[in-house]
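K.L.:
predicted model and sequence below, questions to follow.
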Amino acid sequence: MQKNIRCFVFPASLALALLAAGCAVEPAAEKAPSEDSAAADPLEYPKWETVAPEENAGYNQRANLVQRGHLVYLKYCVGCHGEYGDGKGPAAARLITQPRDFTSGIYKFRSTDSGSLPLEADLHRTISRGLARVSMPAFPLMPESEKIAVIEYIKTFYPRWEEQKDDRLIVPVPAAPSDLDDEDRILRGRVVYLLQQCSACHGTDGRGTGATQTEYVDAWGDPQRAFDFTRGSLKGGNTPQDVYRTFHTGLRSIMPSFGGDTLAAVTADVFDTSTARLEAGEVETLRSVLDHFPADGNVLYSQMSAGERLELAERNSWDLVAYILSLRTETTTAAAVLGPTVLHADPPSASPSSG
Ligand code: HEC
Ligand code: HEC
């Protein structure tokens, strides 16, 4: 009786389900696929076990993805990020920079403005590349389907994701100019760096010397250090566009975002006060590029159009990127770019389904 009901309820089920329910009518179908599926990789269970494909297909696909993502998470992430996604996995106690608490919806490495959730593509980048200088490993060899699934899963830790996702404001990152090693650009970048007060946290030399702020607590209450531009890899990535993105989006609560025309506000009149602590020789060198900047705030705000200011902010941004990249002294090895650990997906031989 029970069997008959099942056959009736799921007329569209595959031969597999019919066989399992013991109501196969065609002996020819005796290839026993059920045996294969019992031994299959847990990540590859049949898709439509409980519901026919036509029924609420979108919802079911998402549920399926989230469920797969949960398995990926349990395999690779739970040790640090914790069962509840709160960053309190068993390994967290031994880490200085704590694993991200996904329940807060706050992320550092985004291509969205500082009040927004990240894009899925940002999470994908973090997972694929890892985060340099901290324990977050890179998973470059994780199959694409698993990355997509685990991204869907970690989103579920933040209950307001669906509600807020349409409010995300993307910070555009244009193509990088080709002359980032131009001497004048780098000098101008140094002026932008000093006058925009990056030096307050990163030091006058980009490695912390003379920084007025030296201790930080991030949005989750954990200690952080301002990045030393002369060493190591950047968490948000090492390409010119990555660096541009990082200071345009900011790093939520520890580093402000320098978006819109903020970076246009570099004017010659404040040069002397901002460079008072530099050596006289350097001040003279920097003075040689001062005429590239507006004389004062009056010129900037009353004589320039909004469009001109944005253009200037854009130029200043790339000058800043040029300067920051010019400070790098260590060769950036592939391992350094990928982060401290590179975790590989299981080799095919370890997978039960290949046997
Ligand atoms: C060995 C510990 C460890 C493991 C394993 C680990 N993470 Fe992380 N993860 C971290 C740490 C630490 C941070 C925070 C880094 C920081 O704030 O600079 C982090 C941050 C993140 C972030 C947030 C980045 C941002 O923009 O703020 C994401 C997303 C992330 N991890 C995803 C994952 C996923 C998915 C997995 C499993 C596939 C995983 N992590 C495995 C330690 C780990
Ligand atoms: C209020 C302090 C503060 C100011 C001001 C500041 N930063 Fe930062 N910055 C930090 C801290 C702290 C970090 C390290 C964050 C981390 O490792 O998670 C950082 C990291 C960075 C990184 C590296 C991020 C990565 O991917 O690892 C870049 C690039 C950067 N800052 C650029 C700038 C620029 C350019 C300016 C000025 C326009 C600036 N910062 C101003 C505090 C500051």
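P.N.:
Arrived safely. Ligands and ions are numbered 1, 2, ... in the order given.
K.L.:
what segments of the stretch 201-350 of the chain are strands?
P.N.:
Counting by DSSP state E, counting those that start in this stretch, the stretch 201-350 of the chain has strands at residues 216-217, 223-224.
K.L.:
would you tell me which of those strands gets closest to ligand 1?
P.N.:
Using C-beta to the nearest ligand atom as the criterion, the shortest distance between ligand 1 and these is 7.3 Å, found for strand 223-224. In this view, the C-beta of every residue, glycine as well, is placed from N, C-alpha and C.
K.L.:
does any part of the closest one sit near ligand 2?
P.N.:
Yes. Using C-beta under 6 Å from any ligand atom, we find that strand 223-224 touches ligand 2 at Gln224.
K.L.:
most tightly packed of the strands of the stretch 201-350 of the chain?
P.N.:
Mean neighbour count (mean count of other C-beta atoms under 10 Å) peaks for strand 223-224 among those, with a mean of 15.
K.L.:
buried sites along stretch 221-236?
P.N.:
Neighbour-count burial for stretch 221-236 flags 222, 224, 226-227, 229, 233-236 (criterion: 16 or more other C-beta atoms under 10 Å).
K.L.:
now the two most distant members of these.
P.N.:
By the measure C-beta to C-beta, Asp222 and Phe229 form the most distant pair in the buried residues of stretch 221-236, at 21.7 Å.
K.L.:
from ligand 2, how far out is Phe293?
P.N.:
Distance, Phe293 to ligand 2, using C-beta to the nearest ligand atom, to the nearest Å: 15 Å.
K.L.:
mind listing what that residue touches?
P.N.:
188, 191, 266-268 (C-beta atoms under 8 Å, 6 or more residues apart in numbering).
K.L.:
by neighbours, which of these wins?
P.N.:
The most neighbours of any of those, using other C-beta atoms under 10 Å, belong to Val266, which has 27 neighbours.
K.L.:
what's the closest non-adjacent residue to that residue?
P.N.:
Leaving aside its sequence neighbours, Val266 sits nearest to Leu195 (C-beta to C-beta, 6 or more residues apart in numbering; 4.7 Å).
K.L.:
surely that neighbour meets Asp269?
P.N.:
No. Judged on C-beta atoms under 8 Å, Leu195 makes no contact with Asp269 at a distance of 10.1 Å.
K.L.:
higher neighbour count, those two?
P.N.:
Leu195 (21 against 15).
K.L.:
what residues does the protein have near ligand 1?
P.N.:
Near ligand 1, the residues belonging to the chain are 76-77, 79-81, 91, 95, 97, 99-100, 107-109, 118, 123, 126-127, 131, 134-137, 139, 150, 154, 235 when assessed by C-beta under 6 Å from any ligand atom.
K.L.:
any of those buried? List them.
P.N.:
Buried, going by 16+ other C-beta under 10 Å: 76-77, 80-81, 97, 99-100, 107-109, 118, 123, 126-127, 131, 134-137, 139, 150, 154, 235, out of the residues of the chain next to ligand 1.
K.L.:
what residues does the stretch 251-355 of the chain put near ligand 2?
P.N.:
So the stretch 251-355 of the chain meets ligand 2 at 251, 254-256, 258, 320, 324 (C-beta under 6 Å from any ligand atom).
K.L.:
Val171: which of the residues you listed is nearest?
P.N.:
The nearest one, if we look at those relative to Val171 and count by C-beta to C-beta, is Phe258, at 10.3 Å.
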